[in-house]
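Q: sequence and predicted structure are below.
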Amino acid sequence: MNTLLSGAGVHSGNCEIMTNITAPALQFDQVSKYFGEVRAVDQADLDIRDGEFFSMLGPSGSGKTTCLRMIAGFERPTSGRILLHGQDVSSLPPYERNVNTVFQDYALFPHMNVEENIAYGLMVKQVPKAERLKRVEEMLELVRLAGFAKRKPSQLSGGQRQRVALARALINHPKVLLLDEPLGALDLKLRQQMQVELKALQQRVGITFIFVTHDQEEALTMSDRIALFNLGRIEQTGTPAEIYEHPATSFVAGFVGTSNLVTGDVAKRITGQEIIFSIRPEKIHLADLEAGVPQDSHSVDGVVRDVVYLGLYTRYLVELEGGGDLVVVEQNLKTTSMDVLKVKGKKVRLHWKKEHVREVGN
Amino acid sequence: MLQRVSTFLYLRPRMVLWLMLGPPLAYMFVVYLGSLINLLVYSFFYLEEFTGLVVREFSLRTYLESVNIANREIILRTSTMAAAVTLADALIAFPLAYYIAKFASPRLKTWLIISVTIPLWSSYLVRVYAWKLILAKEGILSWFVDLLHLSPLLDWLLRLPGIGGSSLSLSPLGMFVVFTYIWLPYMIIPIQTALERVPASLIEASSDLGAHPGQTFRTVILPLAFPGVVAGSIFTFSLTLGDFIVPLSLGNSKFFIGQAVYSYQGTGGNIPLAAAMTMGPVVIMILYLLIAKRLGAFDAL
């Protein structure tokens, strides 16, 4: 892939485009957006570094897409400022911002062929035709679609349309590329392949990518940093590992990966304190009742109520003594489906290291 | 019993298809195509001059007659009027349709569409006569023009050869105004439907890629709405070509195709010539559609 990409000659852009070396690529300063009574985005603060692959993750209706649309200029913030390389762009129309978008439905122009679609940004800026064609050629090579120039979008597969949409945006050398759930319409295999390609492409061209998704796995796979949105607010910003290992709130713990949230009496009985904590299913050990509990660990007994064999690993639902239940995941290193299914109904002892417990706020 | 019938039909899907398609297809072929073919056949017959009887023999005499100098003028006059009306309707309809499709709230949209189509509920004859009164020499329009001190301009327009006349209600200019009004809904609705189908994301994408609103309109909106404009223009153009009521009420002594057909088949009793004159608009529409296809009007369909 790298050899393919290196031949394409895309400007990395970092030096020539940047107006202010020290300013972040994109900054949100107390940005809010209300639609009538609804607070789609509520006082969001963000700093996105130059050249970063930044994901906005959250369930639908959490405000992530509205944020993206405000960066692109399709919506104007109700209050607050959006800074692009230090310049306030809050009130600029989309066509005066050096930002490009890859739309969820790709939004390719159906009456133009691939070449005309990709050249569109250059065409409206009256770039001479010869240069336009040369750059389209480079772009087609970059997204591995050489030879497709004369096709109409309707003659392309979903993955190919996706690449055309990418090329159409990247040909303008944007300061920031916005991607609105671009992989949502693709099937699983293609999606995983495109995740790898997108990440490689981003590193190659060096442009800041802002990627909106509701798929936590996608965000963890590709991002340098993630902002997690919920109900118009940013719950946490951090690297994938930080978000996964140190969830700041119970929402983050529940949304990213699976998490057991333990509250009330159960939590008190296990830890001896009045706290709410989360524990990842893969950190919990499933042991026999006679087994000893290692140092610095919590333990609790329960009955296995459900066993789901998933090939790579098995998921157990354990009902705890005195109420509540925990999900436990174990890799199938030595066991077979026959072995694990026998565990159902057995009494077991669960234990986990105290360091894996995350105390969370509400 | 009913169950046996449904089982019988379930096992024979092709039969169901023909049972459902048969009646409408038969109607299409017999009533629509049949009468058109009948017309075509009649246009190749001719009228025996002494007896005034139709001779049922294949001949091109009627066609030769239908393109004599007088009739050629009629065809040209009617086509020019149809083209002018179509152009005016397209120019008026587009902004209206654009507003309805892209800006109006759902509630307002319903009301606007109803108000566009409401005139179609009343008799077309009544509306033409209403316009005749509006455009009359002592009518409300000339009163209003006088109020604006623009009467000299109106008089100057009415003195222009070809479009003028003794008053607006008796001139090609008046006919143009009435035609444009009468067929406007037929232009608005198809354009609105076409614009409705242009996804908002395409317009956003265009502006995202740096296109100013004017560029977006020229390069994205207009090409995608063009099939709607063509559909609308088929209505306005062909309806103007065939109409005889407006020329009859507002025109002068110069005939339009509809009037010619009306008088040939009625008082003249020359059905073959009327049929041949009717083929004129059919041929013109076919040519028009071919040109529209060449211009790429149907590419985005």
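A: Yep, that arrived.

Q: where is the longest helix in chain B?
A: Ranked by number of residues, the top helix in chain B under DSSP state H is helix B:69-102.

Q: are that helix and chain A in contact anywhere?
A: No. Helix B:69-102 stays clear of chain A (Cβ under 8 Å from any Cβ of the partner chain), getting no nearer than 14.2 Å. To be clear about C-beta, it is placed using only N, CA and C from the backbone, and glycine gets the same treatment.

Q: in that helix, what counts as buried?
A: Using 16 or more other Cβ atoms under 10 Å in any protein chain shown as the test for burial, helix B:69-102 gives B:71, B:74-75, B:77-79, B:81-86, B:88-90, B:93-94, B:96-98, B:100-101.

Q: which residues touch the lowest-mean-pLDDT helix or strand in chain B?
A: None of the helices or strands of chain B scores lower by mean pLDDT, DSSP states H and E than strand B:54-55, at a mean of 76. Here strand B:54-55 makes contact (Cβ atoms under 8 Å, 6 or more residues apart in numbering or on different chains) with B:42, B:45-48, B:271-272.

Q: now for these, which pair is the farthest apart?
A: Spatial extent of those (Cβ to Cβ) is set by the pair B:42 and B:48 at 14.5 Å.

Q: who has more neighbours, the two?
A: Counted by other Cβ atoms under 10 Å in any protein chain shown, residue B:42 and residue B:48 do not tie: residue B:42 has more neighbours, with 21 against 9.

Q: shouldn't the more buried one be in contact with residue B:275?
A: Yes. The pair residue B:42 / residue B:275 is scored as a contact, 4.1 Å apart, by Cβ atoms under 8 Å.

Q: nearest residue to the middle of chain A?
A: Per Cα atoms, centre = their mean, the C-alpha nearest to the average position across chain A is that of residue A:219, at 2.3 Å.

Q: so where does it fall, helix or strand?
A: Per DSSP states H and E, residue A:219 falls inside helix A:216-222.

Q: which strands or helices does that helix pack on?
A: In terms of contacts (3 or more Cβ pairs under 8 Å, 6 or more residues apart in numbering or on different chains; DSSP states H and E), helix A:216-222 is packed against strand A:53-57, helix A:188-205, strand A:208-213, helix A:240-245.

Q: show me what residue A:262 bridges to in the sheet.
A: residue A:277 (DSSP bridges).

Q: any idea which of the contacts of strand B:54-55 is closest to residue B:230?
A: residue B:42 (30.4 Å).

Q: after the helix or strand hosting that closest one, which helix or strand is next?
A: Following DSSP H and E, one finds residue B:42 within helix B:34-43. Next helix or strand after helix B:34-43 toward the C-terminus (DSSP H and E): strand B:46-47.

Q: so what's residue A:323 closest to, chain neighbours aside?
A: Closest residue to residue A:323 apart from its sequence neighbours, by Cβ to Cβ, 6 or more residues apart in numbering or on different chains: residue A:266 at 6.3 Å.

Q: the residue in the stretch 1-150 of chain B that chain A sits nearest to: how many residues sit nearby?
A: Closest residue of the stretch 1-150 of chain B to chain A, Cβ to the nearest Cβ: residue B:105 (12.9 Å). Neighbours of residue B:105 under the rule other Cβ under 10 Å: 8.

Q: for residue A:37, see how far away it is.
A: 17 Å (Cβ to Cβ, to the nearest Å).

Q: lowest confidence element among the helices and strands of chain A?
A: Ranked by mean pLDDT, DSSP H and E, the weakest helix or strand in chain A is helix A:2-6, scoring a mean of 40.

Q: picking up where we left off before, which SSE is the residue nearest to residue A:323 in?
A: Counting by DSSP H and E, residue A:266 is part of helix A:264-271.

Q: tell me which other helices or strands that helix touches.
A: Applying 3+ Cβ pairs under 8 Å, 6+ apart, we find helix A:264-271 packed against strand A:297-309.

Q: can you confirm residue A:330 is in a helix?
A: No. Counting by DSSP: H, G, I helix; E, B strand; the rest coil, one finds residue A:330 to be strand, located in no helix.

Q: need the contact list for it.
A: Residue A:330 makes contacts with A:282, A:286, A:313-314, A:316, as judged by Cβ under 8 Å, 6+ apart.

Q: if you set the cut-off to 6 Å instead, what comes out?
A: Residues near residue A:330 by Cβ atoms under 6 Å, 6 or more residues apart in numbering or on different chains: A:286, A:314.

Q: kindly report the same for the one 10 residues further on.
A: Counting by Cβ under 6 Å, 6+ apart, residue A:340 touches A:307, A:309, A:314.

Q: mind redoing it with 8 Å?
A: A:307, A:309, A:314, A:332.

Q: check which helix or strand it maps to.
A: Element membership for residue A:340, per DSSP H and E: helix A:337-341.

Q: find the closest residue to chain A in the stretch 51-200 of chain B.
A: Closest approach of the stretch 51-200 of chain B to chain A (Cβ to the nearest Cβ) occurs at residue B:199, with a separation of 6.9 Å.

Q: and that residue, how far from residue B:221?
A: 11 Å.

Q: again, but for residue A:251
A: For residue A:251, the distance to residue B:221 equals 42 Å [Cβ to Cβ].

Q: who's more crowded, these two?
A: Neighbour totals were compared for residue A:251 and residue B:221, and residue A:251 leads with 23 against 20 (other Cβ under 10 Å).

Q: distance of that one relative to residue A:238?
A: On the measure of Cβ to Cβ, residue A:251 and residue A:238 end up 14 Å apart.

Q: what residues does the stretch 101-250 of chain A have near chain B?
A: Close to chain B, as judged by Cβ under 8 Å from any Cβ, the stretch 101-250 of chain A has residues A:101, A:103-105, A:107, A:109-111, A:120-121, A:123-125, A:168-169, A:172.

Q: pull out the buried members of the residues you listed.
A: A:101, A:103-105, A:107, A:109-111, A:120-121, A:123-124, A:168-169, A:172.

Q: where in chain A is pLDDT low?
A: A:1-22, A:337, A:361-362 (pLDDT under 70).

Q: how about a cut-off of 50?
A: Where chain A drops to pLDDT under 50, the residues are A:1-20.

Q: ranges for the helices of it?
A: Along chain A, counting by DSSP H, helices occupy A:2-6, A:14-17, A:64-72, A:114-124, A:129-142, A:158-170, A:188-205, A:216-222, A:240-245, A:250-255, A:264-271, A:337-341.
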